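Trainee: Turn this into a model:
(chains A, B, C and D)
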4 protein chains.
Amino acid sequence: MKVIVDLCVVPMGVGVSVGKYVAECQKVLQEAGLEHQLHAYGTNIEGDWDQVFAAIKRCHERVHAIGAPRITTSIKVGSRTDREQTMQDKINSVVEKKL
Amino acid sequence: MKVIVDLCVVPMGVGVSVGKYVAECQKVLQEAGLEHQLHAYGTNIEGDWDQVFAAIKRCHERVHAIGAPRITTSIKVGSRTDREQTMQDKINSVVEKKL
Amino acid sequence: MKVIVDLCVVPMGVGVSVGKYVAECQKVLQEAGLEHQLHAYGTNIEGDWDQVFAAIKRCHERVHAIGAPRITTSIKVGSRTDREQTMQDKINSVVEKKL
Amino acid sequence: MKVIVDLCVVPMGVGVSVGKYVAECQKVLQEAGLEHQLHAYGTNIEGDWDQVFAAIKRCHERVHAIGAPRITTSIKVGSRTDREQTMQDKINSVVEKKL
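Mentor: Alright, predicted model coming up:
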């Protein structure tokens, strides 16, 4: 099952600056070979359900490993059976309607 | 890895009444033997990462199978390495502080 | 506009134990006279848009005031024009379909 | 209070194609003069709490007005008292750590 995901990992108990932990998750996504795009409040990811969620689990494991004792993560996951759609398709479908 | 999850499955393209689809997800969680608690805007789930996310994937599969062409799901997932915590512990820790 | 909301306030930079801050938000909701129900990963709230969001803003103000330098909050908000629905109605509509 | 927000408006009861409704929200944000950036699973917004949430309320009003009988919206809202931070700052703080 193909999915488009929005991921926002929040490490807790490590102070206010969490860029290091988010950067670690970017590395995990890159190593997984998953198409992804960072934005100001999370990261969009595109791929197969199992690969995407395996990578998200690795994000939790690695963020714990580099020092965060607690993590709260928000995930949005979209799947559809009516047609194929990429992250760029979703953006385009909005931009076209705005014209 | 033990997790506490909040799950909110939103089927799209099936009209405004979605109780049938949410009920289907409740059945999936029950079949999976996962402790879970329905609330007014989602369901809390407690369990091992792999079992919980396998069940969430089955929710998508079943909700598509019974008629929803598109699904957008919100998930919160919390994990911690500092100590064990159940769903009831989380509620208690707030209720105690309110007194 | 009547809304049903799910609120999850996460204070950052205050360590791993955040029950005190969540309890403060419960007080804000109570003082606002808003119907609300705590669960293991947030709080359901029911009320008029303006009153609910004024209370959520007060939560941020109070959580900052009692010591959190950073907050990341997740909100779900549902509104409908087709019919009235309470938090309990939403739960009932799922429970009935499960039978 | 300055906030950075992530907004994802999901109209229900209007079929699977919702680009028209999301585009309407983009117009609302533009009319409000709020800095915002569309991504594949939502829109980042930056501004004063009251202005941002007034715009989000108008999104619900307009999406109902153009035909959606039900809406479920996800919002993330971040505020901090330790320092000023823009949407671009948040992205930069992650990108720098990845190098």
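Trainee: in stretch A:68-87, what's buried?
Mentor: Within stretch A:68-87, the residues that count as buried by 16 or more other C-beta atoms under 10 Å in any protein chain shown are A:68-81, A:85, A:87. Yep, even glycine has a C-beta here, placed from its N, CA and C like the rest.
Trainee: so which of these are also by chain D?
Mentor: Filtering the buried residues of stretch A:68-87 for proximity to chain D (criterion: C-beta under 8 Å from any C-beta of the partner chain) leaves A:74, A:76, A:78, A:80, A:87.
Trainee: so the third one is in which element?
Mentor: Remark: residue A:78 resides in strand A:70-80, with elements defined by DSSP states H and E.
Trainee: got the angle for that strand vs strand D:70-80?
Mentor: 150 degrees (axes from the mean of the first three to the mean of the last three C-alpha atoms, to 10 degrees).
Trainee: is the following helix or strand past strand A:70-80 anywhere near chain B?
Mentor: Next helix or strand after strand A:70-80 toward the C-terminus (DSSP H and E): helix A:87-98. No. Helix A:87-98 lies out of reach of chain B by C-beta under 8 Å from any C-beta, never closer than 11.1 Å.
Trainee: and helix A:87-98, what other elements does it pack with?
Mentor: Judged by 3 or more C-beta pairs under 8 Å, 6 or more residues apart in numbering or on different chains; DSSP states H and E, helix A:87-98 is in contact with helix D:19-31, strand D:35-39.
Trainee: Quick one: residues in contact with that helix.
Mentor: Outside helix A:87-98, the residues that touch it by C-beta atoms under 8 Å, 6 or more residues apart in numbering or on different chains are A:4, A:35, A:37, A:44, A:46, D:17, D:19-20, D:22-23, D:26-27, D:38-41.
Trainee: And for stretch A:10-26?
Mentor: Against stretch A:10-26 from outside (C-beta under 8 Å, 6+ apart): A:7, A:9, A:36, A:38, A:43, A:59, A:62-63, A:66-74, B:82, C:10, C:12-13, C:15-16, C:18, C:69-70, C:72, D:80, D:82, D:93-98.
Trainee: before we move on, the earlier item: list only those of the contacts of helix A:87-98 flagged as buried.
Mentor: Buried subset of the contacts of helix A:87-98 (neighbour count, 16+ other C-beta under 10 Å): A:4, A:37, A:44, A:46, D:19-20, D:22-23, D:26, D:38-41.
Trainee: doesn't residue A:79 make contact with residue A:46?
Mentor: No. Using C-beta atoms under 8 Å, residue A:46 is not in contact with residue A:79; the gap is 11.5 Å.
Trainee: Next, show the common contact partners of these two.
Mentor: Counting by C-beta under 8 Å, 6+ apart, the common neighbours of residue A:46 and residue A:79 are A:2-3.
Trainee: ok but residue A:59 is inside a helix, no?
Mentor: Yes. Judged by DSSP: H, G, I helix; E, B strand; the rest coil, residue A:59 forms part of a helix.
Trainee: Identify the residue nearest it in space, chain neighbours excluded?
Mentor: Nearest non-adjacent residue to residue A:59, counting by C-beta to C-beta, 6 or more residues apart in numbering or on different chains: residue A:25, 4.3 Å away.
Trainee: Excluding its own residues, what touches the host helix or strand of residue A:45? List them.
Mentor: In this assignment (DSSP H and E), residue A:45 forms part of strand A:42-48. Identification of contacts with strand A:42-48 by C-beta under 8 Å, 6+ apart yields A:1-8, A:25-26, A:29, A:34-37, A:52, A:55, A:74, A:86-87, D:6, D:39-41, D:76.
Trainee: switch the cut-off to 7 Å
Mentor: The contact list for strand A:42-48 (C-beta atoms under 7 Å, 6 or more residues apart in numbering or on different chains) reads A:2-8, A:29, A:34-37, A:52, A:86-87, D:6, D:39-41.
Trainee: what's the angle between the helix or strand of chain A at the bottom of the mean pLDDT ranking and strand D:42-48?
Mentor: Between all helices and strands in chain A, the lowest mean by mean pLDDT, DSSP states H and E belongs to helix A:87-98, at a mean of 93. Orientation check (the same axes, to 10 degrees): helix A:87-98 against strand D:42-48 gives 60 degrees.
Trainee: and helix A:87-98, which residues are buried?
Mentor: Buried-residue list, helix A:87-98, by 16+ other C-beta under 10 Å: A:87, A:90-91, A:93-94, A:97.
Trainee: what's the pLDDT at residue A:40?
Mentor: Predicted confidence (pLDDT) for residue A:40: 98.
Trainee: Residue A:69 now?
Mentor: Here the pLDDT value assigned to residue A:69 is 98.
Trainee: and stretch A:83-99, C-alpha only, in CSV?
Mentor: Below are the C-alpha coordinates for stretch A:83-99, written out as CSV (Å, rounded to 0.1, in the frame of the first residue of the first chain):
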residue,chain,number,x,y,z
ARG,A,83,-5.8,6.6,-8.1
GLU,A,84,-2.0,7.1,-7.7
GLN,A,85,-1.0,10.4,-6.2
THR,A,86,2.5,11.8,-5.4
MET,A,87,3.3,14.5,-2.9
GLN,A,88,3.8,16.9,-5.8
ASP,A,89,0.4,16.0,-7.3
LYS,A,90,-1.2,17.0,-4.0
ILE,A,91,0.4,20.4,-4.1
ASN,A,92,-0.4,20.9,-7.7
SER,A,93,-4.1,20.0,-7.2
VAL,A,94,-4.3,22.9,-4.8
VAL,A,95,-2.2,25.4,-6.7
GLU,A,96,-4.2,24.9,-9.9
LYS,A,97,-7.5,25.6,-8.1
LYS,A,98,-6.1,28.8,-6.7
LEU,A,99,-5.6,30.4,-10.1
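Trainee: what about it, distance to the chain center?
Mentor: Averaging C-alpha positions (C-alpha atoms, centre = their mean, to the nearest Å) puts stretch A:83-99 19 Å from its chain's average.
Trainee: I'd assumed residue A:16 was in a helix, is it?
Mentor: No. Read with three-state DSSP, residue A:16 is coil and lies in no helix.
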